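Asker: return atomic coordinates for the entry below.
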Amino acid sequence: MLKIALAGNANCGKTTLFNALTGSNQFVGNWPGVTVERKTGILKKHPEVVIDDLPGIYSLSPYSLEEVVSRKYLIEQRPDVIVNVLDGTNLERNLYLTLQLMETGIPMICAVNMMDLLKKQGKKINLKKLAYMLGVPVVGISALKKTNLDKLITLMQHEPAAYEFPQYDDRLESALAMIGEQLTGIVPADSVRFYAIKFFEKDERIWQQIELDASRKAKITELIQMAEKIFDDECESIIANVRYDYLARIIDMCVIDKDDFAMTLSDYVDLVVTNRILALPIFVLVMWAVYYLSIQTLGTMGTDWVNDVLFGKYIPDTAESLLNSWQVASWMKSLIIDGIIGGVGSVLGFLPQIAVLFLCLGILEDCGYIARVAFVMDRIFHKFNLSGKSFIPLLISTGCGVPGVMSTRTIESEKDRKMTIMLTTFMPCSAKLTIIGLIAGTFFKGKSWVAPSAYFIGMIAVVCSGIFLKKTRLFAGPTQPFVMELPAYHLPKVSNVLRYSYERSIAFVKKAGTIIFASVVMIWFLSTFNYKMQIVPQSQSVLKTIGSIFVPLFKPLGFGDWHACAAIFAGLIAKENCISTIQVTFGNPSTHVFNQLMVSHFSNFGAYAFLVFNMLCAPCFAAIGAMNKEFGDYRWTLRAVTYQTVVAYLFALLIYQSSLIIGGHYTWLNVLAVIFVLLISLYALVLKKPKTEFDGQQAQVMEEGI
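Answerer: The predicted model follows:
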């Protein structure tokens, strides 16, 4: 087997090339972190060639999880060939990684991608000169349009010849040679160059990994100190500077620009989209449009038909006539029609809205806008003690909280990672969209602000929590920087967008066919029988008894009704259960009657408080399980679930009690409740940050500077 590794910067088109070479159905994302796990595929028509798609990285220094994964694979497993994918429109930045990959000594091919975009920009790269100066084969390709992939495949199958290592400043080369002598016999012979550079850079992982005796360590340290005196600079800066000097010579020889300062269409768009003043209003407007299309217009048309016609008439009427002809027992008919069809149907009714939502998000992601959102939110998040990297898990959680929680692995800071895990499920996932759709469609018809407000309430909860939690000793510390590449805008690829929407919609349907199916059967059973296993009216059922216990707890939130209380706890299994539970407990009436029953049981803002509580409270069991796995400690999971539920309760309490005061229907207890929540919020926001070890180091540096 021939083992090939695809390596390159984030957003260089590496995953698109992987899909083209292997026929894989992996989704192509526009932000770093989508390929945190290594992907493997077989080259089409060549079963003897295995291709590994490594995470997008900028260097082989272990500054991020992606770089740790990639470096470990390259050094320990050593593939037969590295295919280094470069973004031709940003050649110098991409070549910085190329030099580091060459330092490993592994045979390599450079695939300069996006040659079609390069041509549109009026730039040219002399690929022959580039191959001569690097000493490795170079081929120009377009992964998106599959241009020259046959040439690349031919080069991959014929293992490239060995090349000479890039030669830097003579003084540095002398130091590296002497460090290499100290490593001879301790590290593999074909990796001496790599380890010598890493020792020179004072790479902590390498110094800990390679066991050297005291004399060798002292000799290497002495060589590094001598070089720092000669260059009058720090060791890491010395390496970076000589690499960029080397690259400058390559760029001067190989790249021809018609206009070095010509701005592309993407640059002009970014002047507006990422503008400090306009960026946030544009983002709000875009998200309003997304939810307006999915909840108020296109998605609602489909949802109304599914609810009123498909699951309102065709399926239940057909099932009833069929069951009557079979003379099925009345309790079994109730289970099938009221329980299964009514419960599962109430969830599947929101499938059109979910499909439209993900279709819109897929378009935004594939065209490159979502990467800009992460960049814009980083500026905002940093002001509230959050890293821009936290926005990626939040964004992923709009599909499902489980992958959102798992994607926090890309955050290097342990404290920032744990805090992001705790906050990620505040965002409205596809399951919560069913609750948003029900409340918006029943209580706020024609009000386009309701659905997007749920999204932004999640964001507000994240920001406020970031301010508060960073002031506690559990999470105190400096916020990690966020570096990402902004891809050029391009027209969304129809197949990518459709696959994005299809995969998430199918996942929703599968969930409805498994977890929701089992849940509605249980809910029907509890709402039909009493503790003596007798069929009784719902007012005497087990579910009514259980739900009634919690009515006093939720009455201050505006939904002190046993139907709603039962729905909240059923939502712990899966958030879609909130809707199916209410549907079943109301006896699975028609859509019109169901809406009337909802309006008669809840006020508008009581229903909105119900929406907000379920948006922010403890997520479903699957997401809680993912949190527990990422925390690695059940106590942290318990802290997170408790914090989420408390925040949800306070938000819902503030919304409902404030609505009573504004409406003029209040008592002194309502006023006290609002004042209580506001005082807690104010205390959390103005709480002083505890002093940390980092703060002490900063103070010491300032004193020394003075």
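Asker: flag the shaky bits of the stretch 451-600 of the chain, pLDDT-wise.
Answerer: 478-487 (pLDDT under 70).
Asker: how about the helices in it?
Answerer: 494-511, 517-528, 542-549, 551-554, 562-570, 577-585, 591-601 (DSSP state H, counting those that start in this stretch).
Asker: contacts for the fifth one, please.
Answerer: What that stands for is helix 562-570. By CB atoms under 8 Å, 6 or more residues apart in numbering, the residues outside helix 562-570 that reach it are 519, 523, 527, 543-544, 546-551, 553-554, 559, 577-582, 585-586, 601-602, 610, 613-614, 617. From N, CA and C alone the C-beta is placed, and that goes for glycine too.
Asker: residue boundaries of the strands in the stretch 551-700 of the chain?
Answerer: With DSSP state E, counting those that start in this stretch as the criterion, the stretch 551-700 of the chain has no strands.
Asker: now the helices of the stretch 451-600 of the chain in JSON lines, with mean neighbour count and distance to Ile109?
Answerer: Output for these, formatted as JSON lines (neighbours: other CB atoms under 10 Å; distance: least, CB to CB, whole Å):
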{"stretch": "helix 494-511", "mean neighbour count": "17", "distance to Ile109": "26"}
{"stretch": "helix 517-528", "mean neighbour count": "21", "distance to Ile109": "51"}
{"stretch": "helix 542-549", "mean neighbour count": "18", "distance to Ile109": "64"}
{"stretch": "helix 551-554", "mean neighbour count": "15", "distance to Ile109": "63"}
{"stretch": "helix 562-570", "mean neighbour count": "24", "distance to Ile109": "55"}
{"stretch": "helix 577-585", "mean neighbour count": "28", "distance to Ile109": "52"}
{"stretch": "helix 591-601", "mean neighbour count": "15", "distance to Ile109": "60"}
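Asker: from the chain's centroid, how far away is stretch 359-371?
Answerer: Mean-position distance between stretch 359-371 and its chain equals 13 Å (CA atoms, centre = their mean, to the nearest Å).
Asker: can I get that stretch in CSV, CA atoms only?
Answerer: The C-alpha trace of stretch 359-371 is given here as CSV (Å, rounded to 0.1, in the frame of the first residue of the first chain):
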residue,chain,number,x,y,z
LEU,A,359,-30.3,25.2,3.2
CYS,A,360,-29.8,28.9,4.1
LEU,A,361,-27.0,28.1,6.5
GLY,A,362,-25.3,25.9,3.9
ILE,A,363,-25.4,28.7,1.4
LEU,A,364,-23.8,31.1,3.9
GLU,A,365,-21.1,28.6,4.8
ASP,A,366,-20.2,27.5,1.3
CYS,A,367,-20.0,31.1,-0.1
GLY,A,368,-17.5,32.1,2.7
TYR,A,369,-19.7,34.3,4.8
ILE,A,370,-19.6,32.2,7.9
ALA,A,371,-15.8,32.5,8.2
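Asker: tell me the mean pLDDT for it?
Answerer: The average pLDDT within stretch 359-371 is 83.
Asker: what's the answer for stretch 85-94, then?
Answerer: 87.
Asker: again with stretch 646-663
Answerer: Across stretch 646-663, pLDDT averages out at 91.
Asker: next, the angle from the top helix by length along the chain to helix 562-570.
Answerer: Within the chain, and with DSSP state H defining each element, the longest helix by residue count is helix 634-663. Going by axes from the mean of the first three to the mean of the last three CA atoms, to 10 degrees, helix 634-663 is angled at 150 degrees with respect to helix 562-570.
Asker: what about helix 634-663, distance to the chain center?
Answerer: So, by CA atoms, centre = their mean, the centroid of helix 634-663 is 24 Å from its chain's centroid.
Asker: what packs against it?
Answerer: On a contact count with 3 or more CB pairs under 8 Å, 6 or more residues apart in numbering; DSSP states H and E, helix 634-663 meets helix 414-424, helix 450-469, helix 604-616, helix 621-631, helix 668-686.
Asker: can you tell me the closest non-neighbouring residue to Asn335?
Answerer: Actually, residue 335 is Leu. It isn't Asn. In this structure, Leu335 finds its nearest non-sequential neighbour in Trp524, 5.7 Å apart by CB to CB, 6 or more residues apart in numbering.
Asker: can you pull out the helices in the stretch 151-300 of the chain?
Answerer: 170-183, 192-200, 204-209, 214-231, 235-254, 265-273, 279-291, 298-305.
Asker: low-confidence regions, the chain specifically.
Answerer: By pLDDT under 70, the low-scoring segments of the chain are 24-38, 62-65, 257-264, 384-385, 387-388, 407, 409-410, 412, 478-487, 687-706.
Asker: so how far is Ala623 from Asp233?
Answerer: Distance of Asp233 to Ala623, computed by CB to CB, to the nearest Å: 48 Å.
Asker: more neighbours, these two?
Answerer: Set Asp233 next to Ala623 and count neighbours by other CB atoms under 10 Å: Ala623 wins out with 24 against 14.
Asker: understood, closing this out.
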